[in-house]
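Engineer: Provide a 3D model corresponding to the input given below.
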Amino acid sequence: MKRELKINHKIWVAINKPQPVIVIIGGRGSGKSIGVGDVLTFEMDTKAYDIYCLREFQDSLSDSVHKVFKGSINDRMKLEGWDIQQNTVIAPNGASTTYKGANRNPDSVQSAQGYLRSWFEEAHRASQESIDKLLPTIIRNPGAKCIFTANPQSSGDPFSQRFIVPYQAELDKHGVYEDSLHYIVMINWRDNPWWNEEQEALRQWDYDNIDRAKYDWMWEGKFLDTVDNSIIKPEWFDACIDAHLNPDWKITGKKVVSHDPSDTGNDNKGLCYRHGSLVLDIQEKELGDISDGCDWATGYAINVGADEFIWDGDGMGIGLRRQISDNFTGKKIVQSIFKGSEGATNPDSMYDPIENSSAPSRTNKQTFKNKRSQMYTRLADRMYKTYRNIAHNEYNDVDDMISLSSNIEGMQALRSEVCRIPKKDNGNGLIQIMSKIDMAKLKIESPNMADSLMMSMAIEDKIISNDVHIPQTIRPVGQRNANRRH
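Structural biologist: Just a heads-up that it's a prediction; the model follows:
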């Protein structure tokens with residue numbers, strides 16, 4: 001019997017690649033799910049492959065791709081002799097589908113070992129545990145292949161960290177990345193050969209009317225590195241990358257190293273190096289205790305010839321004062337302790353809201369709940385002014401803007417942290433930033449790099465220094481390897 005398969009060429013190429021891990025990512029209108037469903041139906045029919053279908057969350061069959069397979073059989077390929085049951089489809093040769101949710105039964109992921117084809121739909125929701133169990137399962141089975149389909153969410157999610165962030169530069173440049181294990185391809189609405197006027201009208205409306213970060217996520221498959229009520233928008237952050245390359249940008253001001261300490265555990269240590277309005281480096285350190293992290297950060301400050309070193313002293317960092325003082329013996333490095341829980345700096349000075357010029361001016365103590373919210377707002381104001389300068393050619397003083405060097409290796413992870421700092425409702429109308437404890441409840445990772453950047457904003461006094469030095473020798477053990485995003 002003749003079988004007619006109409007398929008997006010990129011999807012056909014991807015699934016027929018020899019690599020065991022096939023990752024297909026993109027936004028709305030790309031036809032990812034329907035295309036994969038049609039190819040897998042074709043392979044059931046021609047190769048008698050059983051298909052193991054996974055999602056992280058599947059409370060019922062309505063959450064599965066069962067409907068996609070039914071559409072492939074009845075509507076798009078018009079196949080005869082298939083048995084479409086309530087919880088599976090069965091080909092005339094006996095090949096069938098199985099649907100499982102990984103979250104309710106993590107061990108079900110390992111059942112993929114018995115299948116030559118498995119499909120993890122909405123893989124952007126996959127937990128670290130599911131990924132860690134599934135990949136060895138696939139590799140152990142010769143000839144097996146797992147297809148992941150996803151519309152990327154945050155760049156900090158386990159799926160993004162495993163399958164996108166390490167290969168971001170190649171994906172941005174070529175739209176595809178491959179090695180002996182992976183074939184990763186970006187597919188969007190432009191790649192859909194059946195794109196129609198109705199779809200285009202919806203896309204164009206969204207382009208004209210919704211927030212650009214949300215549009216890029218929905219239609220272009222970009223990361224949604226923001227949360228509701230986030231204090232900093234992704235487009236502001238993106239405008240700051242290499243803003244200093246403008247020939248009018250003069251590098252002046254203090255060399256500041258800031259440090260967010262932590263002990264052993266899941267919360268990493270953070271470090272930021274800023275020269276005036278130019279942020280030259282931001283890192284994190286995974287391994288070691290709080291003392292090791294302190295030696296790492298102070299050694300870095302000495303190496304770059306910092307003028308000032310500031311660290312978080314609200315928690316366990318309060319006990320680092322003596323160690324930091326000892327480490328800087330004989331060095332002309334000013335030491336400052338940052339306590340975000342304290343009241344606003346310069347409490348009686350006036351603060352003028354940047355985004356809402358019609359709002360009345362109030363003093364700092366009438367505006368901010370504490371110093372942490374004040375410094376995050378200062379960072380947001382700098383990024384917003386840089387965005388207005390870059391995107392709208394609006395003049396702003398360099399001292400009021402900020403540039404992020406593209407040499408920062410963890411740029412994508414930093415973007416995720418900075419753009420996921422939410423404001424918190426305050427009964428007295430003050431600006432308040434959500435605490436790390438409350439962020440953890442929303443499954444937002446601890447922003448150690450973002451906090452280090454924020455703390456550097458607390459150093460205000462300027463000195464002239466023309467020697468810009470980017471350190472090459474001091475790097476943390478276990479540093480997150482994230483490619484930058486342009």
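Engineer: Contacts for the lowest-mean-pLDDT helix or strand in the chain, please.
Structural biologist: When each helix and strand of the chain is scored by mean pLDDT, DSSP states H and E, helix 436-441 comes last, with a mean of 73. For helix 436-441, the surrounding residues in contact (CB atoms under 8 Å, 6 or more residues apart in numbering) are 420, 422, 424, 445-447. In this view, the C-beta of every residue, glycine as well, is placed from N, C-alpha and C.
Engineer: quick one: the helix or strand where residue 453 lies to chain centroid distance?
Structural biologist: In this assignment (DSSP states H and E), residue 453 forms part of helix 448-456. Mean-position distance between helix 448-456 and its chain equals 17 Å (CA atoms, centre = their mean, to the nearest Å).
Engineer: list the buried ones in that helix?
Structural biologist: Residues of helix 448-456 classed as buried: 448-456 (neighbour count, 16 or more other CB atoms under 10 Å).
Engineer: cool, stretch 274-292 as well?
Structural biologist: 274-286, 288, 290, 292.
Engineer: I'd like the average pLDDT over it.
Structural biologist: On average, the pLDDT along stretch 274-292 is 93.
Engineer: Tell me how many other residues crowd residue 225.
Structural biologist: 29 (other CB atoms under 10 Å).
Engineer: What residues does it make contact with?
Structural biologist: So residue 225 contacts 154-156, 213, 234, 237, 415-416, 419-420 (CB under 8 Å, 6+ apart).
Engineer: Widest-spaced pair of the residues you listed?
Structural biologist: 156 and 213 (15.0 Å; CB to CB).
Engineer: the strands in the stretch 151-300 of the chain, which residues?
Structural biologist: Ranges of strands in the stretch 151-300 of the chain, per DSSP state E, counting those that start in this stretch, are 176-178, 182-186, 255-260, 269-275, 278-285.
Engineer: what's the spacing between residue 200 and residue 214?
Structural biologist: Residue 200 sits 18 Å away from residue 214, taking CB to CB, to the nearest Å as the criterion.
Engineer: How about residue 314?
Structural biologist: Taken as CB to CB, the span from residue 314 to residue 214 is 34 Å.
Engineer: Now pLDDT too, for the buried residues of helix 448-456, in CSV please.
Structural biologist: Listed next are the buried residues of helix 448-456 as CSV, based on pLDDT from 0 to 100:
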residue, pLDDT
448, 89
449, 92
450, 94
451, 94
452, 96
453, 97
454, 96
455, 96
456, 96
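Engineer: Out of the residues you listed, which comes closest to residue 164?
Structural biologist: residue 449 (18.5 Å).
Engineer: in the chain, which residue is closest to the centre?
Structural biologist: For the chain, the residue sitting closest to the mean C-alpha position, by CA atoms, centre = their mean, is residue 155 at 1.8 Å.
Engineer: Can you verify my assumption that it contacts residue 162?
Structural biologist: No: if you go by CB atoms under 8 Å, residue 155 and residue 162 don't touch, sitting 11.4 Å apart.
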